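Visitor: curious how this folds, go ahead:
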Amino acid sequence: MKSMLHCLWTGPSFPFSLRCFIIKWVQYLRLSHSNFEVILWVTNDSLEAMKKYLDSTPQHGNKFENGPWSRCMVGCDVSFKKIKLKYNTFYIASCEEELKRYPADLETMFKIFSKGKRYTTISNIGRVMAINVCGGIYTDIDYLLPVVGTFFPKDLSPILDVFEDCSEVGLYMPVVELGKTFLIENQCLVLDPRKVGILTPLIRQISSDLIRDFAQICSETKDHQLFVENEVTRGLNRSLFMDGLFKELLEAYNRRDINSFDAINAKLFKDQYVTSYSFADSGVYACKIGTPMLSGGDRHDGYEKTSNATYTSVTNYFNKKLKLNYVDFLRRYWRAFLIYFDTNTIDSQFVFIDKREGRKRGMYSWANPGYSRLRSLEQAALFVQQRYREKKYYVRKDLVLELMHAVEFECREIMEEGRLKVFDCINKGICSIKNQYLSKEDAAKFLKEFLSVCCLQISIAPSKIGLEAVETLNYDYYELLRKIIDPEKEQLTYEDVRAFALF
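Guide: As a prediction, this is how the structure comes out:
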């Protein structure tokens, strides 16, 4: 029976990083005269993207076999298709076909995750299914890489010998040490092929947990889709932060240069403090000079039910089936397993050394910003983008609209029809501007129009609507608008606002 090195890709793409991973491993295994085969598990959308790429570049030694899927691996009950990528042969298998072995509810949830672009969640399920039916090693494409200049084992036996049967079910997973903290991760799964099928109860439990929390998980999926489909997140996913405002910051991180990282971060956030509760709750920490914008953080933040069902349940299962505690497993077994791989690459995904404090420091979200980490990263990007634009003399259009709506809401019982009509005209004027941002000149113009109507006095007494506008403007949230009215004052008076509006 062939030994298998599994990887998985989902989503409508066949990216360069995946192609490099496949070619590097196939060539390394052939040079090692190993009987390992590289198996890429695909979903319907990633299969279509891969086929399109291969069919369009046959001149580069790429070929997608158009014949039927076949059970070409002796002793493995899975249908594969042979693929050539730059003349390097590997095999693909279908996640959707594998789902047919399990409850129909799991297939339903798989479709929901696919529609909602929950690619990490699909991968969390798919990787367990892959090793459950085939055994072998599963790895994320940025985790296990070959050691150039060495030879890989001929088959899985010497790798399994490393673990000395220290698990009741023959399942092994990474344990990561960060200072005094230990994490069980799922970037890699190893299953003894003699234990094929033993994870079926776990997969059925994953299906049951997903259905149990169906409403909450659907809500989390909708929330995730909103994040990954907006302009900022799409830009982050394309560039991995390596352009625009983030280039210097990420270059410093990639060099693991903590001093440069903190200095650049301080420059980006100098004298800017977060007061918005929604931002403070987002898991992104910013704005004290010298403090990293993201301090590790929970990459599953905001997706608790989904994560519990598809990620935490697997790590807990692994921990329960170990015959020793996971800290000893790391030190005695997992590190011995990693000898076969490029450990420098693995370590660099999790930590860098902070020489000033003499300890490892985790920056996991920055090292590998995939879809599951983009929620917090996107909040950071939005914040930087907003502050950058404001620094360049732009104002969010929504900020002016929110001020108008807040005043109108509080004064609805005393608002005359004439003022309402003028407010409506101003509102339409702002909304007609397609950009999300107003120049400060335009913002000042709309503010003048709005506040002049608010401060219009029928008697000598101050307008109640004008007083409400002043009170609202003095909230911390509207600081930028106050600076347009009077850059020198922290708080505005009615006379300040009326003078700005009428003169």
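Visitor: next structured bit after the worst-scoring helix or strand of the chain on mean pLDDT?
Guide: Among the helices and strands of the chain, helix 277-280 carries the lowest confidence by mean pLDDT, DSSP states H and E, at a mean of 28. Sequence-wise, the next helix or strand downstream of helix 277-280 (DSSP states H and E) is helix 304-307.
Visitor: put the alpha carbons of that next one into CSV.
Guide: Taking C-alpha atoms only, helix 304-307 is exported to CSV below (Å, rounded to 0.1, in the frame of the first residue of the first chain):
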residue,chain,number,x,y,z
GLU,A,304,-16.9,30.0,18.7
LYS,A,305,-19.6,27.5,17.8
THR,A,306,-18.1,26.6,14.4
SER,A,307,-14.6,26.4,15.9
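Visitor: going on from it, what's the next piece of helix or strand?
Guide: helix 313-321.
Visitor: run through the neighbouring helices and strands of the helix or strand encompassing residue 20.
Guide: Using DSSP H and E, residue 20 sits within helix 16-31. Judged by 3 or more C-beta pairs under 8 Å, 6 or more residues apart in numbering; DSSP states H and E, the packing partners of helix 16-31 are strand 3-9, strand 36-42, strand 81-85, strand 88-94. Every residue, glycine included, has its C-beta placed from N, CA and C.
Visitor: identify each buried residue in the shortest one, please.
Guide: Looking back up the chat, that one is strand 81-85. 81, 82, 83, 84, 85 (16 or more other C-beta atoms under 10 Å).
Visitor: avg pLDDT for that strand?
Guide: For strand 81-85, mean pLDDT is 95.
Visitor: and for stretch 62-70?
Guide: 88.
Visitor: can I get that stretch in PDB, CA atoms only?
Guide: Taking C-alpha atoms only, stretch 62-70 is exported to PDB below (Å, rounded to 0.1, in the frame of the first residue of the first chain):
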ATOM      1  CA  ASN A  62       0.500  20.400 -17.200                       C
ATOM      2  CA  LYS A  63      -2.300  17.800 -17.800                       C
ATOM      3  CA  PHE A  64      -5.700  17.100 -16.300                       C
ATOM      4  CA  GLU A  65      -6.700  13.500 -17.000                       C
ATOM      5  CA  ASN A  66     -10.300  13.700 -18.400                       C
ATOM      6  CA  GLY A  67     -11.000  10.000 -17.900                       C
ATOM      7  CA  PRO A  68     -13.000   8.600 -15.000                       C
ATOM      8  CA  TRP A  69     -11.900   8.700 -11.400                       C
ATOM      9  CA  SER A  70     -10.500   5.400 -10.300                       C
END
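Visitor: show me the contact partners of that stretch.
Guide: Under the criterion C-beta atoms under 8 Å, 6 or more residues apart in numbering, residues 50-51, 53-55, 79-86, 94, 97 lie in contact with stretch 62-70.
Visitor: between the residues you listed, which is nearest residue 145?
Guide: Lowest distance from residue 145 to the contacts of stretch 62-70 (C-beta to C-beta) belongs to residue 85, with 17.0 Å.
Visitor: beta partners for that closest one?
Guide: residue 88 (DSSP bridges).
Visitor: correct me if wrong: residue 76 contacts residue 132.
Guide: No: contact criterion C-beta atoms under 8 Å: residue 76 and residue 132 do not qualify, at 11.8 Å.
Visitor: hey, what's in contact with both of those two?
Guide: With C-beta under 8 Å, 6+ apart, residue 76 and residue 132 have no common neighbours.
Visitor: show me where pLDDT drops low in this structure?
Guide: Along the chain, the model assigns pLDDT under 70 to residues 178-179, 227-228, 230-258, 261-262, 264-303, 344-393, 458-460.
Visitor: quick one, domains of it?
Guide: Domain ranges of the chain: 3-214, 393-502, per automatic domain parsing.
Visitor: distance from the last one to the middle of the chain?
Guide: Same thing as domain 393-502. Distance of domain 393-502 from the chain centroid (C-alpha atoms, centre = their mean, to the nearest Å) equals 38 Å.
Visitor: next one: stretch 7-17
Guide: 15 Å.
Visitor: closest to residue 396 among the contacts of stretch 62-70?
Guide: residue 53 (39.9 Å).
Visitor: and the helix or strand encompassing that closest one, which residues are buried?
Guide: Assigned by DSSP H and E, residue 53 falls within helix 44-56. For helix 44-56, a neighbour-count test (16+ other C-beta under 10 Å) marks 45, 46, 47, 49, 50, 51, 53, 54 as buried.
Visitor: do stretch 198-211 as well
Guide: Buried residues in stretch 198-211 (16+ other C-beta under 10 Å): 198, 199, 202, 203, 206, 207, 209, 210.
Visitor: go on, stretch 492-501?
Guide: Neighbour count says stretch 492-501 has 492, 496, 497, 498, 500, 501 buried, by 16+ other C-beta under 10 Å.
Visitor: ditto for stretch 422-431
Guide: Applying 16+ other C-beta under 10 Å to stretch 422-431 flags 422, 423, 426, 427, 430 as buried.
Visitor: kindly report the same for stretch 95-113.
Guide: Those would be 95, 98, 99, 102, 103, 106, 109, 110, 112, 113, for stretch 95-113 by 16+ other C-beta under 10 Å.
Visitor: repeat that for stretch 138-151.
Guide: 138, 139, 140, 141, 142, 143, 144, 145, 146.
Visitor: Serialize those to CSV and add fields for distance to residue 71 and secondary structure.
Guide: As requested, those are exported to CSV (distance: C-beta to C-beta, whole Å; DSSP: H, G, I helix; E, B strand; the rest coil):
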residue, distance to residue 71, secondary structure
138, 20, strand
139, 24, strand
140, 27, coil
141, 26, coil
142, 30, coil
143, 28, coil
144, 26, coil
145, 30, coil
146, 28, coil
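Visitor: and the residues you listed, which two are furthest apart?
Guide: The widest separation within the buried residues of stretch 138-151 (C-beta to C-beta) is 15.8 Å, between 138 and 146.
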